[in-house]
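Asker: Turn this into a model:
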Amino acid sequence: MTVIAVLPGDGIGPEVIQEAVRTLDELDLGLTFDVLEHVNADTFLASGTALTADDVARIQRSDAALLGAVGDPRVTTPDYVRGVLLRLRFELDLYVNHRAVSLLADHLSPLKDTKRGAIDCVVVRENSEGLYAGIGGSLRQSTPQEVALDVEVNTYTGVSRLLDYAFDIARSEVCMVDKSNAVPNGGRLWQRCWAEHRGRHPGTPTRHLYVDAAAMLLVADPASFDVIVTNNSYGDILSDLAAELGGGIGTAASGNLNPTTGFGLYEPVHGSAPDIAGLNRANPVAAILSAALMVERLGHGDAAAAVRSAVARAVIQRRCTPDLGGSLTTTEAGAAIRAELG
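Answerer: Down below sits the predicted model:
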């Protein structure tokens, strides 16, 4: 029995996760869902706790987790989001953020000409170190002399295991992105690990780009990338740029992975979108594609491919929500994708 922990979360999260779970049910893969409906902003505001120890234990006992969205405008501190997302990333050591991007339909591309080839790549982002590790502080706050420090953390183990994953999933090339010409200490470590991994994989073509050059090339020639591997903050930015080139944030799926244990937390990256919550207007594509990535990582490659094909066919036919050029509601868009599965 394969158990999936489901955290619908906040805002549009429950709406899009409902369509993802319905799609998974349609695949008939024998999945069982353990739904943690209480993990949301309402609970945090009432109790001050984002995740209890029991919640974490339930998630750990599952084979994978599917998350809708976390965030609520009533919560004015970062404690809630960090208490869910970052706690799970750190406690489960989900050190890889996997962001696969492919253009679903030509009409979604913001570029003028897609004849050179559409984007079809994976951004492999370090997920547990970097600037988001939370190390730093401030001195003399709220004065003209205020000093604020956020420390970027890079470790040999963290960089090496990320590069291992990037080479493992590469189809044609791995491009490592850093800013070692301006950030010398972390850059030196990344370059050392990069040289070692290139030596271990002589049959895989490789390329190195500085992050500013990588951003420009993503726009100029997005089809030239296969796997981009980079640190936490650069990966955050480049993966959102890539998502926009692939059709927008409403199509952007992600997985927070520990390739060593096999556990993953899968989520659409669009956030909770409180302005449209409850209106049946949210785009379910990113949640459904996150579910497809999850079942692929669980060993159901054919089922994942079928879901992706069904999503693409529905979007090409404009049987989708308005942000993708259609006129359907959330539930109608989910049903259209499942009809393509049939």
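Asker: C-alpha only now, for contacts and for neighbours.
Answerer: Fine.
Asker: Residues in a beta bridge with Val177, which ones?
Answerer: Leu209 (DSSP bridges).
Asker: Contacts only, for it.
Answerer: Neighbour list for Val177: 208-211, 214, 228-231, 234 [criterion: Cα atoms under 8 Å, 6 or more residues apart in numbering].
Asker: where do the strands sit along the stretch 1-150 of the chain?
Answerer: 2-9, 31-35, 64-69, 96-102, 120-126, 136-139, 147-150 (DSSP state E, counting those that start in this stretch).
Asker: From the contact counts, what lies against the first one?
Answerer: I take that to be strand 2-9. Here strand 2-9 touches helix 13-27, strand 31-35, strand 64-69, going by 3 or more Cα pairs under 8 Å, 6 or more residues apart in numbering; DSSP states H and E.
Asker: which outside residues touch the longest one?
Answerer: Yep, that's helix 13-27 we're talking about. The contact list for helix 13-27, computed with Cα under 8 Å, 6+ apart, reads 8, 31, 66-70, 271-272, 278, 280, 282-284, 287-288, 291, 303, 330-331, 334-335, 338.
Asker: Can you tell me which of those are classed as buried?
Answerer: 8, 31, 66-70, 271-272, 280, 282-284, 287-288, 291, 303, 330-331, 334-335, 338 (16 or more other Cα atoms under 10 Å).
Asker: if we can go back for a sec, so which of the contacts of Val177 are in helices?
Answerer: Mapping the contacts of Val177 onto helices (DSSP state H) picks out 211, 214, 234.
Asker: Surely the first one is in contact with Tyr234?
Answerer: Yes - the pair formed by Val211 and Tyr234 meets the contact definition of Cα atoms under 8 Å, at 6.9 Å.
Asker: Common neighbours of the two, please.
Answerer: The contact sets of Val211 and Tyr234 overlap at 177-178 (Cα under 8 Å, 6+ apart).
Asker: Surely Leu103 touches Ala242?
Answerer: No - using Cα under 8 Å, Leu103 makes no contact with Ala242, being 9.8 Å away.
Asker: Can you pick out the residue with more neighbours from those two?
Answerer: Ala242 (27 against 23; other Cα atoms under 10 Å).
Asker: helix or strand for that one, which one?
Answerer: Element membership for Ala242 (DSSP states H and E) is helix 232-245.
Asker: by how many degrees do that helix and strand 120-126 diverge?
Answerer: Between helix 232-245 and strand 120-126, the angle comes out at 160 degrees (axes from the mean of the first three to the mean of the last three Cα atoms, to 10 degrees).
Asker: So what touches helix 232-245?
Answerer: 99, 101, 103, 109-111, 119, 123-132, 177-178, 211, 215, 218-219, 222, 229, 249, 251-252.
Asker: okay, the angle between the very next helix or strand once past it and strand 120-126?
Answerer: Remark: after helix 232-245, the chain's next helix or strand is strand 253-257, criterion DSSP H and E. Comparing the axes of strand 253-257 and strand 120-126 via the same axes, to 10 degrees yields an angle of 40 degrees.
Asker: Just the CA trace of strand 253-257, in CSV.
Answerer: Output of strand 253-257 as CSV, limited to C-alpha atoms (Å, rounded to 0.1, in the frame of the first residue of the first chain):
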residue,chain,number,x,y,z
ALA,A,253,5.2,22.0,-10.6
SER,A,254,7.9,21.1,-8.1
GLY,A,255,9.2,18.4,-5.9
ASN,A,256,11.3,18.8,-2.7
LEU,A,257,13.3,15.6,-2.8
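Asker: before we move on, the earlier item: tell me, what's touching Leu103 and Ala242 both at once?
Answerer: Counting by Cα under 8 Å, 6+ apart, the contacts common to Leu103 and Ala242 are Ile119.
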